[in-house]
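Undergrad: curious how this folds, go ahead:
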Amino acid sequence: MIRVKILSLLFMGLLISCNTAKKEKASEAEAEPEMEVAQDMGAPNTLTEAEKADGWKLLFDGKTSTGWRSYGKDTFPEGWVIADGMIHCPGSGRGEAGGKDRGDILYDQKFGNFHLKLEWKISEGGNSGIFYLGQESEDLDYIWKTAPEMQVLDNEKHPDAQMGTNGNRQAGSLYDLIPADPQNAKPVGEWNEVEIMVYKGSVWHKQNGEKVVEYHLWTPEWNELVAGSKFPGLNENWADVASEGYIGLQDHGDDVWFRNIKIKEL
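TA: A predicted model of the protein is given here:
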């Protein structure tokens, strides 16, 4: 009898253990879909439902050059390529000289107060840039003569990384004016996530999740900063940045890729 009772108790314990394990597995299975939803950040060149509800707009659909054109022209340059969900500027080996079918590109709409997001990756020894508040006229041949620039660069190989002052020509910097701090650019071939926010003259650069630059246009401090840079020698009115303008991507003669370009007007 004692032996039977012991076996009976062991059997009951086994049943309870099995049922507990089944309930735990069922709970885990129910939790999995929630984890997948939480990790879904959206495919490249798309907007999540949350972004749509928050007023974001895609500036690049991942397939066509719709909305983009050459600086000073009505058409998209033949030298740039739309492929594999990216805007690609192939290297020319001629630096800024480029070629007749190349040059900087811009999105054909002016923005004033905005929050811009995009991703870039650069080739070995490569150089490029992201312009904002840029202007266009018959008297201007380059967008950089009017527009602040967030630098895109291979900090390890491109000589410009060692020029300027305190690293103000390295990736993420306000080119030739304010160095990115911290300097957290990713290596060649890896995607860098960047953001530019402009609001009533206040400007912020973010690179890979960290704020790296902050400044305010049109102030005495701004005018003094520009006066100590190379820009007055290139355009004496460079400090007079407009309150709204074009967003542009630079052809500096090196391979560079862009994707996930989106904006929210503020």
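Undergrad: all strands of this structure, in order?
TA: For the chain, applying DSSP state E gives strands covering 57-58, 68-70, 81-83, 86-89, 105-107, 114-122, 127-134, 149-153, 192-199, 202-207, 210-216, 246-249, 256-265.
Undergrad: can you count the residues close to the residue nearest to Asn208 when sequence neighbours are not counted?
TA: Take Asn208 and drop its neighbours on the chain: the residue closest to it by CB to CB, 6 or more residues apart in numbering is Asn184, 5.1 Å away. For the C-beta atoms, the positions are set from N, CA and C on the backbone; glycine is no exception. Neighbour count for Asn184, taken as other CB atoms under 10 Å: 14.
Undergrad: ok so, going back, adding mean pLDDT, distance to Ala227 and mean neighbour count, write the strands of the chain out as JSON lines.
TA: Listed next are those as JSON lines, based on pLDDT from 0 to 100; distance: least, CB to CB, whole Å; neighbours: other CB atoms under 10 Å:
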{"stretch": "strand 57-58", "mean pLDDT": "98", "distance to Ala227": "36", "mean neighbour count": "16"}
{"stretch": "strand 68-70", "mean pLDDT": "97", "distance to Ala227": "32", "mean neighbour count": "19"}
{"stretch": "strand 81-83", "mean pLDDT": "97", "distance to Ala227": "39", "mean neighbour count": "13"}
{"stretch": "strand 86-89", "mean pLDDT": "98", "distance to Ala227": "32", "mean neighbour count": "21"}
{"stretch": "strand 105-107", "mean pLDDT": "98", "distance to Ala227": "27", "mean neighbour count": "23"}
{"stretch": "strand 114-122", "mean pLDDT": "98", "distance to Ala227": "27", "mean neighbour count": "21"}
{"stretch": "strand 127-134", "mean pLDDT": "98", "distance to Ala227": "19", "mean neighbour count": "24"}
{"stretch": "strand 149-153", "mean pLDDT": "98", "distance to Ala227": "18", "mean neighbour count": "26"}
{"stretch": "strand 192-199", "mean pLDDT": "98", "distance to Ala227": "22", "mean neighbour count": "19"}
{"stretch": "strand 202-207", "mean pLDDT": "98", "distance to Ala227": "18", "mean neighbour count": "19"}
{"stretch": "strand 210-216", "mean pLDDT": "98", "distance to Ala227": "14", "mean neighbour count": "17"}
{"stretch": "strand 246-249", "mean pLDDT": "98", "distance to Ala227": "24", "mean neighbour count": "25"}
{"stretch": "strand 256-265", "mean pLDDT": "98", "distance to Ala227": "30", "mean neighbour count": "20"}
